[in-house]
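**Q** structure for the following, please:
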Amino acid sequence: MTSLLRWLLYTILLSLRFFGAIYSLPGYIHPDEFFQGGQELFFGCQRHDIPPLGINSGVGVAERIESVKEYLVSIVPWEFEPNNALRSIIPPTFMTLVPLRLYVMIRDVLVSPLPPRTSYTKLTPETTASLQYPPQSSILWASSMNSLSGKEILIIPRIFMAILSVIFFDGCLWILVACMDASSATKHGNTQNYGSFLSSAMAYVYRLGPPIEVLVLASSWPCLVFGVRPFTNNLEAMVLSCLLTIVCLDLTKSGDNLQQKGGVQRQQTSIKSTILVGAVCSIGLFVRFTFAFFAFPVVIAYLYTRWMSMKFQFKYFLRDALGLAISFSLTSAMFIWVDSRYYSWQAQTVYRDEVCEGATAWSYIAPFNALRYNSKSTNLAEHGLHPRVTHAVVNMPMLFGPLALAGYYSIFQRNGRTYNNSSRSIIGSAYLSGLFLLSCAPHQEPRFILPCLVPLVQLYGKDAVGVNATTQQRPKVALFLGPFWVVFNLILYIFFGWLHQGGLVNSLFEMPRPTNESRTARVYVYYKTYMPPSFLARENDNSYNTNAEVCKIDEKGTSEQTLSTEVAVQLDSIVNDSLVQSCRDDIVLDLKGAESSILAEVLRKLLHCPSNTDYQSEIPIYVVSPPSVALSLEFSLYTMQRKYGYPSHISTEDWPTWSGSVGRFIDQLELAVYEVSCSMK
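**A** Numbering: from 1, shown residues only. Coordinates of the predicted model:
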């Protein structure tokens, strides 16, 4: 393959990656993208379990919403509640707030700043500041960030993650390939290690074009779909790639230095790498505690290799270990300090210290809390239990396809190719250790093994597409592998990037906006879908801001308008505190995969259909569900009328029933919105 062709393919694949980020692929992989990535946490519409109510809503409406408030979408994921503190606040801040802050700064320079939106907050004297984290005094916050629409909050972090993927996936893999080529050249006595590395790196840039491994990575569907989304698993994979790059670069330099100046001089010139390794390990651990499963053998092998290069002199090993430990501890202390400030603020401001009495900074060590939680099978049972072989048998082939098969084939053949030099040995130990330890847990989701991507591509990328020397000895096999790789990734890219739960995001984007004349609350009940993130329902323009009401509630339950209008709002006794209306008047309920009896009970509480009476509810009720589910419901008291739908929506849990027609089957692959009313008898 010529250099020009390689650059052309790489440019096309990069364009496809950024197209997916900018266009915002509608496929919905997993709720953690929104609920752990920070978008819902920082910009969700409903700040508390008291729902926003329209100014035409009466006491009866408030009572009905109160009766089903357990189904309200909560913007604070349970992992980020102070009594759990399973996640560090820094990763979602980095993935979401940082790019949005940069975007707002650029936007405010290029165009006039937009008026800020009102925020759902408390108006008591003790908590006059916004409840959004970080507080508006933070350097990461700007008042104009309140004017961001749901689409902006979705797209900007994805573009940011796409840029990071180019740096920490493609860039790191490029360096790893050059390191492997340098090790191979040194093994055959062609040149010294580091000089060979520089020659190899420059050759790929100026003469050969992007390495085959980089093209394989850029064409893989995990990189195209997962790589542009703010998953913590994605960030964990990037940190692991960075760690492997630092380690392999240091080992590549070691041969040159050892030959020229001896072990002592090498130690004096490369102590910085151990400090950097310690800091990177700390970052990865606070991104996800499972990072330790991948990084532990890498660090052990790295320290041992360095010690061996020093002829096993203990003083140099001690110096390396202390440098790594100190940098790890200092970086971890920074994470703990930031997390303790966030969770303490949240406990005092949002929860009023009701759940965190006696908590200290040591209560908010996220990796320890996460490990303690996940070590109990009773906790994992709430999220679903899987056979221990799920990762190896199902998730690895589904995510990596031919890469996983090539890895298994190499292991069973025992040809030693993974361990013919220290760098390959370390890279192989990273993915094997992570896969094995993650397989010990009974809860196994495909995204957990996403950090295996770069190690697998480095070790078996050429095998997967049939351009390795071993596969080329079998022409028929090599001819088959390339097209198989393309078809495999294309199918899964379309399925997970475009079709899987594909109508849900658009249903929130395109939810009809209330008019200024009629501001009655509407209820959308999501049934048999993934969790609907409420931030997507934020207005896409600023016309709604001009009529925003801030309602201050007195002790008697009446309201006094403090902005825009002087319309009195009568609320029920459920309102026991001050609130500010946020985002919009519509209320989103999430029934997840509940039984139909739960849906019937929710509708009964919301509609209150009297028997044998022509009744019209004062609040519109909509059920958002796949047609295959809605058509199977049998309710005698309710009529469900389809209003509109969002095509290209596949729910693997609720496939349409086959009725003998391909066309009718495809028509049911959508997310439909049904208006629910009481049946007239």
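**Q** could you use CA atoms for every contact and neighbour count after this?
**A** Will do.
**Q** any stretches of the stretch 251-400 of the chain with poor pLDDT?
**A** 254-270, 350-361 (pLDDT under 70).
**Q** would you list every one of the helices in it?
**A** Under the criterion DSSP state H, counting those that start in this stretch, helices of the stretch 251-400 of the chain are mapped to 291-309, 314-349, 366-374, 377-381, 390, 396-400.
**Q** how about those, which one is nearest residue 11?
**A** With respect to residue 11, and counting by Cα to Cα, the nearest of the helices of the stretch 251-400 of the chain is helix 396-400 at 22.0 Å.
**Q** check which helices and strands the closest one sits against.
**A** helix 221-225, helix 402-413 (3 or more Cα pairs under 8 Å, 6 or more residues apart in numbering; DSSP states H and E).
**Q** and the helices of the stretch 251-400 of the chain as JSON lines, adding mean neighbour count?
**A** Shown next, in JSON lines, are those (neighbours: other Cα atoms under 10 Å):
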{"stretch": "helix 291-309", "mean neighbour count": "20"}
{"stretch": "helix 314-349", "mean neighbour count": "18"}
{"stretch": "helix 366-374", "mean neighbour count": "18"}
{"stretch": "helix 377-381", "mean neighbour count": "14"}
{"stretch": "helix 390", "mean neighbour count": "16"}
{"stretch": "helix 396-400", "mean neighbour count": "20"}
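**Q** show me the one of those helices that comes nearest residue 13.
**A** Nearest of the helices of the stretch 251-400 of the chain (Cα to Cα): helix 396-400, 17.2 Å.
**Q** who's in contact with that closest one?
**A** In this structure, residues lying in contact with helix 396-400 by Cα atoms under 8 Å, 6 or more residues apart in numbering are 220-222, 403-405, 446, 449-450, 453.
**Q** quick one, which of those residues are buried?
**A** The neighbour count (16 or more other Cα atoms under 10 Å) marks 220-222, 403-405, 449-450, 453 as buried among these.
**Q** out of those, which comes closest to residue 231?
**A** residue 450 (10.2 Å).
**Q** what about that closest one, distance to residue 490?
**A** 18 Å (Cα to Cα, to the nearest Å).
**Q** also residue 251?
**A** Residue 251 is 37 Å from residue 490, by Cα to Cα.
**Q** just the closest of the contacts of helix 396-400 to residue 527, please.
**A** Once Cα to Cα is applied, the member of those that ends up nearest residue 527 is residue 446, at 24.1 Å.
**Q** surely that closest one meets residue 386?
**A** No: applying Cα atoms under 8 Å, one finds residue 446 not in contact with residue 386, separated by 11.5 Å.
**Q** burial of residue 663, as a residue count?
**A** Using other Cα atoms under 10 Å, residue 663 has 9 other residues around it.
**Q** what are the ranges of the helices in the stretch 451-600 of the chain?
**A** For the stretch 451-600 of the chain, the helices defined by DSSP H, counting those that start in this stretch cover 453-465, 469-472, 475-494, 502-509, 596-607.
**Q** returning to what we had before: who has more neighbours out of residue 251 and residue 490?
**A** residue 251 (21 against 14).
**Q** low-confidence bits of the stretch 51-200 of the chain, can you list those?
**A** Within the stretch 51-200 of the chain, the stretches with pLDDT under 70 are 51-67, 69, 73-75, 112-143, 183-200.
**Q** distance-wise, check residue 406 relative to residue 486.
**A** Noted for residue 406: a distance of 16 Å to residue 486, by Cα to Cα.
**Q** which of these two has more neighbours?
**A** Just comparing residue 406 and residue 486: by other Cα under 10 Å the higher neighbour count belongs to residue 406, 19 against 15.
**Q** residue 276 and residue 326 touch, don't they?
**A** No: using Cα under 8 Å, residue 276 is not in contact with residue 326, being 10.5 Å away.
**Q** re the thing from before, out of the buried ones among the contacts of helix 396-400, who's nearest residue 148?
**A** Closest to residue 148, out of all of the buried ones among the contacts of helix 396-400 and judged by Cα to Cα, is residue 222, at 28.6 Å.
**Q** excluding chain neighbours, what is closest to that closest one?
**A** If the residues on either side of it in the chain are set aside, residue 222 comes closest to residue 399, at 6.5 Å by Cα to Cα, 6 or more residues apart in numbering.
**Q** again with residue 452
**A** residue 431 (5.1 Å).
**Q** and for that neighbour, the neighbour number?
**A** For residue 431, the neighbour count with other Cα under 10 Å is 23.
**Q** and for the one 4 residues further on?
**A** With neighbours defined by other Cα under 10 Å, the count for residue 435 comes to 20.
**Q** so where's the stretch 501-650 of the chain uncertain?
**A** Low-confidence segments of the stretch 501-650 of the chain (pLDDT under 70): 512-521, 539-585, 610-618.
**Q** again, only this time at 80
**A** For the stretch 501-650 of the chain, the stretches flagged by pLDDT under 80 are 511-521, 538-586, 608-619, 631, 634-637.
**Q** quick one: contacts for residue 597?
**A** Residue 597 sits in contact with no residue, where contact means Cα under 8 Å, 6+ apart.
**Q** any idea how far it is from residue 667?
**A** In this structure, residue 597 and residue 667 are 27 Å apart, going by Cα to Cα.
**Q** what does residue 32 give?
**A** 29 Å.
**Q** could you check which of these two has the larger neighbour count?
**A** Neighbours per residue, other Cα under 10 Å: of residue 32 and residue 667, the larger number sits with residue 32, 16 against 13.
**Q** pretty sure that one is touching residue 229, no?
**A** No: proximity of residue 32 to residue 229 does not meet the contact threshold set by Cα under 8 Å, at 10.3 Å.
**Q** can you list contacts of stretch 647-663?
**A** For stretch 647-663, the surrounding residues in contact (Cα under 8 Å, 6+ apart) are 498-504, 528-529, 626-629, 665, 667-671.
**Q** let's see that with 7 Å instead.
**A** Outside of stretch 647-663, the residues within contact range by Cα atoms under 7 Å, 6 or more residues apart in numbering are 499-503, 628-629, 665, 668-671.
**Q** pull up the distance across that stretch, start to finish.
**A** Its first and final residues considered, stretch 647-663 spans 13 Å by Cα to Cα.
**Q** leaving out chain neighbours, which residue sits closest to the residue most central in space within the chain?
**A** Nearest residue to the geometric centre of the chain (Cα atoms, centre = their mean): residue 231, 2.0 Å. Of all residues beyond its chain neighbours, the one nearest residue 231 is residue 33 (4.9 Å), with distances taken as Cα to Cα, 6+ apart.
**Q** contacts for the helix or strand in which that neighbour is found next, please.
**A** Using DSSP states H and E, residue 33 falls within helix 32-35. Contact partners of helix 32-35, identified using Cα under 7 Å, 6+ apart, comprise 40-41, 77, 229-231, 533.
**Q** so residue 619 touches residue 524, yeah?
**A** No: with contacts defined as Cα atoms under 7 Å, residue 619 does not count as touching residue 524, sitting 10.7 Å away.
**Q** in the stretch 51-200 of the chain, which spans are helices?
**A** Using DSSP H, counting those that start in this stretch, helices in the stretch 51-200 of the chain cover 59-67, 90-92, 98-110, 150-165, 172-187, 193-203.
**Q** what count of nearby residues applies to the residue nearest to residue 150 when sequence neighbours are not counted?
**A** Nearest non-adjacent residue to residue 150, counting by Cα to Cα, 6+ apart: residue 536, 4.2 Å away. By other Cα under 10 Å, 28 other residues sit near residue 536.
**Q** which of the helices of the stretch 451-600 of the chain is buried the deepest?
**A** Stretch with highest mean neighbour count among these: helix 453-465 (a mean of 24; mean count of other Cα atoms under 10 Å).
**Q** so how far is residue 332 from residue 280?
**A** Applying Cα to Cα, the value for residue 280 to residue 332 is 10 Å.
**Q** intersection of neighbour lists for the two?
**A** Here residue 280 and residue 332 have no joint contacts, going by Cα under 7 Å, 6+ apart.
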